[in-house]
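[1] here is my input, please return the structure:
(2 chains)
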Protein chains: 2
Amino acid sequence: MSSSKHHLTEFLNSLYPLSSKTEELISQHSYTITLKKGAFLFKPGMDHRTLYFLVKGVVRGYRKFKGEEITTWLNEEQEMITSISNIGLEQECDEYIQTLTECELIGIAADMVEFLFANCPEIPVITKLLLEDNYRGAEERAFISRIPSAEDKFFRFVEKHPGLINRIPLKYSASYLGMRLETLCRIRSKRILTT
Amino acid sequence: MSSSKHHLTEFLNSLYPLSSKTEELISQHSYTITLKKGAFLFKPGMDHRTLYFLVKGVVRGYRKFKGEEITTWLNEEQEMITSISNIGLEQECDEYIQTLTECELIGIAADMVEFLFANCPEIPVITKLLLEDNYRGAEERAFISRIPSAEDKFFRFVEKHPGLINRIPLKYSASYLGMRLETLCRIRSKRILTT
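    Predicted coordinates for the structure are as follows:
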């Protein structure tokens, strides 16, 4: 087994115990990749039938709307990653997934995930846990963007993702929070001055 | 079987074929309820361990933030409904689920859903399909609120949910879209005048 591929099986094992047979299948059929900052894990037209586990780094999901990039999600370590707006569907989507730092990931083909789902009894349980966790995360993203005050959005973001704001360019955090970059800069400076 | 309980098994069958044993179990352990407009299907402190299928009506999910109600989702017929921010968790959450019209629903206890998941091979497949569908919906809710222009938000909302805006008080659509009621009224009047 590759030295870093165990990160994925360790993560899955922490959710629900894997049999040694399932663990072996996952190790055999997954692969590690390292991507430089600014690389695309996915963009329209690319094969989206892969599921990734983010071992190290930060990744953002965004879509273009009238030429403007709208960041809908930001993920750090220990998260499963795939395009969301077409998850479970064969159809193309207009989502982009871009690394915001150098990233180390473990990939596994969607066909293999389907095979595991149908043949390893732990995988449906783990799939449910992961989808529920990600669904809760998406609900939080839907909530935070609707908080009326920009300051309140900022404080909730910092509370939910401590440190993330310092790992990535502020423009992406601003887009994620649905506020102008200048607004975020103003709130952040004020906070630094008062703490 | 009750005359309306078949709506749930029909819906599930349209996703993936149910065995007659599973269908029977679901029918035996589900129940229909009719709620008046403005009733609470769920609010903090109430038992959240129930999954509902919305046969008829419109329901909204909201949370209170600094005294203000923030609508994060709106569902019409043919949707599964439960509190999202604690889905899969035992913990309480601050979500409210309120009927916006008279509603007819079919309820099934989460413990029963768990039993079905562990004992009926179709249920993990259906659970995955439903969670993926709802995850895509939550991603759309995260996206629409981040569209910078209020007009663009409005048009996307009307495109994605034709007719919904006419079924519910405008203040809830405004909250869902993350804009002031006056802004929504202005855009809507303009649209009525130009079409």
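
[2] now the strands for chain A?
    Here chain A has its strands, by DSSP state E, at A:30-35, A:40-42, A:50-56, A:59-65, A:68-75, A:79-81, A:95-99, A:103-109.

[3] what's the closest of the ones you listed to chain B?
    When the strands of chain A are compared by C-beta to the nearest C-beta, strand A:68-75 sits nearest chain B, at 4.8 Å. (Each C-beta comes from the backbone N, C-alpha and C, glycine too.)

[4] state the mean pLDDT of that closest one.
    For strand A:68-75, mean pLDDT is 96.

[5] parallel or antiparallel, list what pairs with it.
    strand A:59-65 (antiparallel) (DSSP bridges).

[6] ok, the residue lying closest to residue A:76 once chain neighbours are set aside - contacts?
    Of all residues not flanking residue A:76 in the chain, residue A:58 sits nearest, at 5.5 Å (C-beta to C-beta, 6 or more residues apart in numbering or on different chains). Going by C-beta atoms under 8 Å, 6 or more residues apart in numbering or on different chains, residue A:58 touches A:74-76, A:99-101, A:103, A:164, A:167-168.

[7] check which residues of the least confident helix or strand in chain A by mean pLDDT are buried.
    Scoring the helices and strands of chain A by mean pLDDT, DSSP states H and E places helix A:181-194 at the bottom, with a mean of 86. Buried residues in helix A:181-194, counting neighbours by 16 or more other C-beta atoms under 10 Å in any protein chain shown, are found at A:184, A:187-188.

[8] same deal with stretch A:96-110?
    Buried residues in stretch A:96-110, counted by 16+ other C-beta under 10 Å: A:96-100, A:103-108, A:110.

[9] make CSV out of these and add pLDDT.
    What follows is these, written out as CSV (pLDDT from 0 to 100):
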residue, pLDDT
A:96, 96
A:97, 96
A:98, 97
A:99, 98
A:100, 97
A:103, 97
A:104, 97
A:105, 97
A:106, 97
A:107, 96
A:108, 96
A:110, 93
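
[10] which pair in those residues spans the largest distance?
    The largest separation in the buried residues of stretch A:96-110, counting by C-beta to C-beta, is between A:100 and A:110 at 24.1 Å.

[11] with just CA atoms, put the longest helix along chain A into CSV.
    For chain A, the longest helix by residue count, based on DSSP state H, is helix A:122-144. These are the backbone C-alpha positions of helix A:122-144, laid out as CSV (Å, rounded to 0.1, in the frame of the first residue of the first chain):
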residue,chain,number,x,y,z
GLU,A,122,-20.1,-1.4,5.2
ILE,A,123,-20.1,0.9,2.1
PRO,A,124,-23.9,1.7,2.1
VAL,A,125,-23.6,2.6,5.8
ILE,A,126,-20.6,4.8,5.2
THR,A,127,-22.2,6.4,2.0
LYS,A,128,-25.2,7.4,4.1
LEU,A,129,-23.0,8.9,6.8
LEU,A,130,-20.9,10.8,4.3
LEU,A,131,-23.9,12.1,2.3
GLU,A,132,-25.7,13.1,5.5
ASP,A,133,-22.6,15.0,6.7
ASN,A,134,-22.2,16.7,3.4
TYR,A,135,-25.9,17.5,3.3
ARG,A,136,-25.6,19.2,6.7
GLY,A,137,-22.6,21.1,5.3
ALA,A,138,-24.5,22.3,2.3
GLU,A,139,-27.4,23.4,4.5
GLU,A,140,-24.9,25.5,6.5
ARG,A,141,-23.7,27.1,3.3
ALA,A,142,-27.2,27.9,2.4
PHE,A,143,-27.8,29.4,5.8
ILE,A,144,-24.6,31.5,6.2
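
[12] that helix: how far from the chain's middle?
    Chain-centre distance of helix A:122-144: 11 Å, with C-alpha atoms, centre = their mean, to the nearest Å.

[13] so which elements touch that helix?
    Other helices and strands packing on helix A:122-144, by 3 or more C-beta pairs under 8 Å, 6 or more residues apart in numbering or on different chains; DSSP states H and E, are helix A:6-15, strand A:68-75, helix A:110-119, helix A:150-160, strand B:68-75, helix B:122-144.
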